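Enquirer: Pasted the sequence and its predicted model underneath.
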Amino acid sequence: MNNKIITVTSPLLPNLKEFESLLSDIWDSRWITNNGHFHTKLESALAEYLKVPYISLFTNGTLPLITALQALHITGEVITTPYSFIATTHALWWNGIKPVFVDIDPETGNLDPQKIEAAITPTTTAIMPVHVYGQPCRINEIQEIADKYGLKVIYDAAHAFGVEIKGESILNAGDLSTLSFHATKVFNTIEGGAMIIKDEKTKKRIDYLKNFGFANETEVVAPGINSKMDEIRSAYGLLNLQQVDKAIESRHQTAIKYRKALANIKGVKFWNDTPGVKHNYSYFPIFINVNEYGITRDELYFKMKEHNVFGRRYFYPLISSFSTYRGLPSAGKDNLPIAYKMAEEVICLPMHHSLTEEDVNRVISIIIKKS
Ligand SMILES: Cc1ncc(COP(=O)(O)O)c(C=O)c1O
């Protein structure tokens, strides 16, 4: 057995010498947080890179979700997807909002717009979709429904760094979008996140909200929270931004190898690139049909582990099956058959910028041999 451990992800790290040089600037300035030089610089650099009007940095990807709901005064019920990381639904719960789960589209893993209208009630105030794995939601259809019923749309775009449709960032869709810059993500600041904002007034308000609601030294305009990104992580982010394109291209090459090798394996399904979409290759999910493949997803998953290859069953268990949310009227299997099926079939294969040809071949060989 090859003992080298292959993990599902590996953090993109800045060059240590370059980071040390920026740290030394921070030490000299003695300005380590609260809207410092590197924080401002990273906000501008990201707004330009991501082709968005305004961005506000946060300490992680969960707090911008919670803050977006606060900023738009969302109450009552919000329609969302069960096929995501649990933070999506937790953000609703932390705002005292009732999550209403709607099933997903098997072609993208995202909220199915055709099923949204049936879930709208007089207390629905918003839709919170997720661009899962960085696959774009059906943005136009979701917006049409939102406009028809006067609902807000907040996208959890934690996985969608840099994703574009026909040259336009998908982060500009809806009312607000949020990103995660956690170590596991395509672009990371160790821990970190951001909100994408369309106008200057809202940007100002979000900046107040992430700083306890302070508008100035003596005025608090809202019950805010503390979620400011510090100077050290901002500097780290600036360096990582310079190498993120190269990292995405390396992920792309891995996706090409996986697709080529797995194309003819019966019972193993995966998604191809969508024409017109600039993907970020943040994850490589495969879906195992036990009848055709011969062994179950879990059997393959544990077989991979035996060979020191660590995939992840994202997103299993489904959010709606965790004890916290299981009791909700919309959480049942009969309401979410596609999401439950997908959660039972998925394995995300190792996908990061530093996988070698040999690593990828090892992963492929286990899937082909099933042993
Ligand atoms: C879809 C989704 N939403 C939200 C989050 C939360 O981001 P963070 O871990 O940065 O708080 C994650 C994180 O992994 C995620 O995958």
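Expert: Nice, I can see it. Residues are numbered from 1 along each chain as shown.
Enquirer: what about Ala218, how many residues close to it?
Expert: In this structure residue 218 is Thr, not Ala. 6 (other Cβ atoms under 10 Å). Backbone N, C-alpha and C define where each C-beta goes, glycine included.
Enquirer: can you tell me which residues contact the closest residue to Pro136 other than its chain neighbours?
Expert: Closest residue in space to Pro136, ignoring its immediate chain neighbours: Ile170 at 4.9 Å, by Cβ to Cβ, 6 or more residues apart in numbering. Listed by Cβ atoms under 8 Å, 6 or more residues apart in numbering, the contact set of Ile170 reads His131, Pro136, Cys137, Ile139, Tyr155, Ala157, Ala160, Val163, Glu164, Ser177.
Enquirer: Can you tell me which of the residues you listed end up in strands?
Expert: Tyr155, Glu164, Ser177 (DSSP state E).
Enquirer: And Asn308, how far from Asn280?
Expert: 27 Å (Cβ to Cβ, to the nearest Å).
Enquirer: Neighbour count: the two, which is higher?
Expert: Neighbour totals were compared for Asn308 and Asn280, and Asn280 leads with 24 against 14 (other Cβ under 10 Å).
Enquirer: if we can go back for a sec, report the buried members of the contacts of Ile170.
Expert: Among those, those buried by neighbour count (16 or more other Cβ atoms under 10 Å) are His131, Pro136, Cys137, Ile139, Tyr155, Ala157, Ala160, Val163, Glu164, Ser177.
Enquirer: Pick out the residue in this protein sitting closest to the ligand.
Expert: Gly61 (2.7 Å; Cβ to the nearest ligand atom).
Enquirer: What is the neighbour count of the closest residue to that residue other than its chain neighbours?
Expert: Nearest in space to Gly61, with sequence neighbours left out and distances taken as Cβ to Cβ, 6+ apart, is Ser180 at 2.5 Å. Neighbours of Ser180 under the rule other Cβ under 10 Å: 29.
Enquirer: Ok, Leu262 next?
Expert: Leu262, neighbours per other Cβ under 10 Å, totals 18.
Enquirer: With Lys201 instead?
Expert: Counted with other Cβ under 10 Å, Lys201 comes out at 10.
Enquirer: same check, this time on Trp27
Expert: The local packing of Trp27 (other Cβ under 10 Å) involves 10 other residues.
Enquirer: Equivalent analysis for Asn110, please.
Expert: 22.
Enquirer: Please apply the same query to His307.
Expert: 18.
Enquirer: try the one 4 residues further on
Expert: Residues contacting Gly311 under the criterion other Cβ under 10 Å number 25.
Enquirer: Since that was my last question, I'll sign off now.
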